[in-house]
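Colleague: Here is my input; please provide its structure:
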Amino acid sequence: MPNAGPETRVKRFQDDIIRLIGERTAHDTRLCIAVSGGPDSMALLFLAVQAFPAQVVAATVDHGLRPAARAEAEMVGRWCLTQGVKHAILTPSTPITGSIQASARSVRYELLHHWREEQGADWLLTAHHADDQCETMMMRLNRSSGVSGLAAIRGVNGAVLRPLLSWRRTELAAIVDEQALPHVYDPSNDDVRFDRVAMRKNLAGADWLDPIAIARSAAACGDAEEALGWMADDLAGRYLSRDDGAIILQKHDFPREMQRRLLIKMLLMADTGRAPPRGDALDQLLIQLTEGKRAMMGNWLFEGGDSWCLRAAPPRSVR
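Modeller: Predicted coordinates:
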């Protein structure tokens with residue numbers, strides 16, 4: 001709806017929130033908006049304030065990675081002051097280290113959730129939109145992701161809400177321009193050393209791609225993932241058990257995807273101290289078990305047969 005007026009957009013945003021959490025909840029809840037100061041998050045903040053007045057608080061994280069970040073966060077705070085919206089600037093207690101993007105993301109969500117809880121807000125809203133979803137889907141396809149990975153960015157994930165997944169980046173930019181909202185551009189968004197930025201630039205000329213259609217496909221994968229997870233939980237409750245320190249899957253003649261998920265549940269139940277295998281490693285394990293063979297995984301032993309068994313491997317003899 002690129003030509004929709006402000007009132008239409010606000011109503012559309014209200015409807016998106018209601019679709020995610022229900023009408024009664026939407027009008028009786030507190031929303032914490034994660035605002036970086038970029039155009040997407042400023043448009044989200046504007047829509048939330050217009051759609052749910054008196055229900056909104058906001059926060060900006062200054063990771064301490066760029067000298068300009070503090071001034072940008074203060075810019076958001078000044079706009080919030082004009083709207084009567086409580087705003088906080090959150091900073092990590094220790095410097096960001098390691099993989100910068102991954103570490104910054106982890107710290108950001110930790111700080112935002114802590115502040116959300118302090119403010120008594122029920123939901124944390126982020127400004128991920130259809131173009132972000134499209135980029136994520138393409139990246140996941142390049143990594144041979146299954147249903148779970150192709151669900152990509154979830155509309156609801158715990159206490160996180162992403163109500164803009166059916167909105168285009170250009171629509172949000174139009175709101176910023178029309179409302180003269182203050183905003184900044186993060187220079188890291190143009191740094192092609194980051195995978196997402198490189199993907200974004202490669203997709204920019206692909207006019208045949210429809211990000212809205214791709215976002216709908218991701219949502220369908222999300223629904224399928226939820227259904228598969230429900231089914232795997234049900235089967236695990238019926239056929240997974242413990243017996244003298246071993247994890248036993250009493251029945252395994254299920255579709256391949258169910259077998260994969262039940263194997264992962266066995267490993268999680270055993271608490272092996274390592275992340276369950278994925279992709280080819282999991283498929284190789286599955287082949288061994290369906291052929292009735294044994295397979296080692298670290299210090300753990302899988303045994304195939306009429307039932308599948310996982311137990312700690314016996315200690316190796318020392319000569």
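Colleague: For the stretch 51-200 of the chain, which residues score under the pLDDT cut-off?
Modeller: Within the stretch 51-200 of the chain, the stretches with pLDDT under 70 are 98, 187-193.
Colleague: again, 80 this time
Modeller: 95-101, 186-198, 200 (pLDDT under 80).
Colleague: so where do the strands sit in it?
Modeller: In the stretch 51-200 of the chain, the strands defined using DSSP state E, counting those that start in this stretch lie at 56-61, 86-90, 123-125, 156-157, 160-161.
Colleague: Parallel or antiparallel, which strands does the third one pair with?
Modeller: Next to strand 123-125 in the sheet, as set by DSSP bridges, lie strand 31-34 (parallel), strand 160-161 (parallel).
Colleague: Distance to F52 and mean neighbour count for those - can I get that in a markdown table?
Modeller: Backbone N, C-alpha and C define where each C-beta goes, glycine included. Shown next, in a markdown table, are these (distance: least, C-beta to C-beta, whole Å; neighbours: other C-beta atoms under 10 Å):
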| stretch | distance to F52 | mean neighbour count |
| --- | --- | --- |
| strand 31-34 | 6 | 26 |
| strand 160-161 | 12 | 22 |
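Colleague: quick one, helices of the stretch 51-200 of the chain?
Modeller: Remark: helices assigned in the stretch 51-200 of the chain by DSSP state H, counting those that start in this stretch are 69-83, 100-118, 130-142, 147-150, 169-178, 195-203.
Colleague: Centre-most residue in this structure?
Modeller: Here the mean C-alpha position of the chain is nearest to the C-alpha of I153 (C-alpha atoms, centre = their mean), at a distance of 4.8 Å.
Colleague: In this structure A130 contacts R168, no?
Modeller: Yes: under the criterion of C-beta atoms under 8 Å, A130 makes contact with R168 at 5.5 Å.
Colleague: quick one, which of these two is more surrounded?
Modeller: Taking other C-beta atoms under 10 Å, A130 and R168 do not tie; A130 has more neighbours (24 against 18).
Colleague: thinking again about what came up before, mind putting the strands of the stretch 51-200 of the chain in CSV, distance to E291 included?
Modeller: Conversion of the strands of the stretch 51-200 of the chain to CSV gives the following (distance: least, C-beta to C-beta, whole Å):
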stretch, distance to E291
strand 56-61, 51
strand 86-90, 53
strand 123-125, 47
strand 156-157, 38
strand 160-161, 42
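Colleague: so which of the ones you listed comes closest to E225?
Modeller: strand 156-157 (11.6 Å; C-beta to C-beta).
Colleague: circling back to that earlier point, which residues are in contact with both of A130 and R168?
Modeller: Residues touching both A130 and R168 (C-beta atoms under 8 Å, 6 or more residues apart in numbering) are 211-212.
Colleague: Can you verify V49 is assigned to a strand?
Modeller: No: judged by DSSP: H, G, I helix; E, B strand; the rest coil, V49 forms no part of a strand; its state is helix.
Colleague: Contacts only, for it.
Modeller: Contacts of V49 by C-beta under 8 Å, 6+ apart are 56, 83, 85.
Colleague: what's the spacing between it and R108?
Modeller: Distance from V49 to R108, counting by C-beta to C-beta, to the nearest Å: 22 Å.
Colleague: Repeat that for P92.
Modeller: Distance, P92 to R108, using C-beta to C-beta: 9 Å.
Colleague: doesn't A198 make contact with M139?
Modeller: No: if you go by C-beta under 8 Å, M139 and A198 don't touch, sitting 9.5 Å apart.
Colleague: one step back: format the strands paired with strand 123-125 as JSON lines; extra columns: distance to G222.
Modeller: Formatted as JSON lines, these follow (distance: least, C-beta to C-beta, whole Å):
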{"stretch": "strand 31-34", "distance to G222": "21"}
{"stretch": "strand 160-161", "distance to G222": "13"}
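Colleague: Can you check which of the ones you listed gets nearest to I18?
Modeller: Counting by C-beta to C-beta, I18 lies closest to strand 160-161 out of the strands paired with strand 123-125; the figure is 11.3 Å.
Colleague: what's next to the closest one, contact-wise?
Modeller: 17, 20-21, 31, 109, 123-126, 154-155.
Colleague: and what of stretch 232-241?
Modeller: Stretch 232-241 is contacted by residues 247-252, 254, 258, 261-262, 265-266, 269 when judged by C-beta under 8 Å, 6+ apart.
Colleague: Tell me who's in contact with Y109.
Modeller: 124, 160.
Colleague: measure it to C32 for me?
Modeller: Y109 sits 12 Å away from C32, going by C-beta to C-beta.
Colleague: Check V156 too.
Modeller: Taking C-beta to C-beta as the measure, V156 falls 15 Å from C32.
Colleague: what do you get for I96?
Modeller: Following C-beta to C-beta, the distance that separates I96 from C32 is 22 Å.
Colleague: Please apply the same query to A73.
Modeller: As judged by C-beta to C-beta, A73 and C32 stand 15 Å apart.
Colleague: I appreciate the help and will end here.
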